[in-house]
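> sequence below, structure please.
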Amino acid sequence: MSQLALDPIQPSQTDSATADKALHHIRDYLSRHHETSVPLAVDDEDGDQLIVPRGAVELLARILAHMAAGKGVSVVPAGADLTTQQAADMLNVSRPYLVGLLEAGEIDYRKVGTHRRVKVESLLEYMRRDDQRRREAADELTSLTDELGL
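Reported below is the predicted structural model:
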């Protein structure tokens with residue numbers, strides 16, 4: 001399973017309802033139990049039990065929260081190298097626009113032969129900085145609006 005799971009899983013309404021129900025059970029369990037691994041019972045004729053790391057269950061809770069809200073979810077491993085098209089898709093921009101951001105030094109990248117590769121951490125850092133700039137601009141507009149009495 002070395003392939004990146006960038007294509008989001010879009011939940012149906014039934015999936016969202018199921019995710020919401022499961023999310024409540026998982027959050028409740030995690031709040032009452034603090035072990036480093038979590039046993040999961042498998043509902044089959046063998047009555048198998050899976051043992052998974054607590055972090056995996058916490059990640060599952062985050063995924064379920066997004067699905068319960070009706071949002072598509074994808075998983076990208078830390079340290080992953082993205083193609084320019086994958087990075088552009090994550091930003092919801094065109095590939096040429098992303099290349100412009102790379103060339104302007106807004107996002108770190110490296111070259112593999114003639115191809116650009118973007119570390120997912122660099123892309124997420126850019127997204128955080130961009131969100132911060134947007135919040136600051138919105139706050140400034142709100143301040144100006146208040147000053148003008150609008």
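
> can you tell me how far the nearest residue to residue 120 once chain neighbours are set aside sits from residue 73?
Among residues not flanking residue 120 along the chain, residue 80 sits closest, at 4.6 Å (C-beta to C-beta, 6 or more residues apart in numbering). C-betas here are computed from N, CA, C, even on glycine. Residue 80 is 16 Å from residue 73, where distance means C-beta to C-beta, to the nearest Å.

> can you list the buried residues in the longest helix belonging to the chain?
Scanning the chain for the helix with the most residues, using DSSP state H, yields helix 120-148. Counting neighbours by 16 or more other C-beta atoms under 10 Å, one finds that the buried residues in helix 120-148 are 120, 122-123, 126.

> doesn't residue 87 fall inside a helix?
Yes. Secondary structure of residue 87 (DSSP: H, G, I helix; E, B strand; the rest coil): part of a helix.

> who does the nearest residue to it once chain neighbours are set aside bridge with?
Setting aside the residues directly before and after it, residue 87 is nearest to residue 118 in space (C-beta to C-beta, 6+ apart), at 4.3 Å. Assessed by DSSP bridges, residue 118 has beta-bridge partners residue 82.

> need phi/psi at residue 50.
phi -100, psi 140 (degrees, to the nearest 10).

> what's around it, how many residues?
Neighbourhood size, residue 50 [other C-beta atoms under 10 Å]: 9.

> do residue 23 as well
Residue 23 - counted by other C-beta under 10 Å - has 20 other residues nearby.

> check the gap between it and residue 78 for me.
23 Å.

> next: residue 125.
Applying C-beta to C-beta to residue 125 and residue 78 gives a distance of 12 Å.

> residue 97 now?
Counting by C-beta to C-beta, the gap from residue 97 to residue 78 is 25 Å.

> ok, residue 36 next?
19 Å.

> do the same with residue 14
31 Å.

> ok so, going back, between residue 97 and residue 78, which has more neighbouring residues?
residue 97 (11 against 8).

> in terms of helices and strands, where is the more buried one?
helix 95-103 (DSSP states H and E).

> what's the angle from that helix to helix 120-148?
Using axes from the mean of the first three to the mean of the last three C-alpha atoms, to 10 degrees, the inter-axis angle of helix 95-103 relative to helix 120-148 is 90 degrees.
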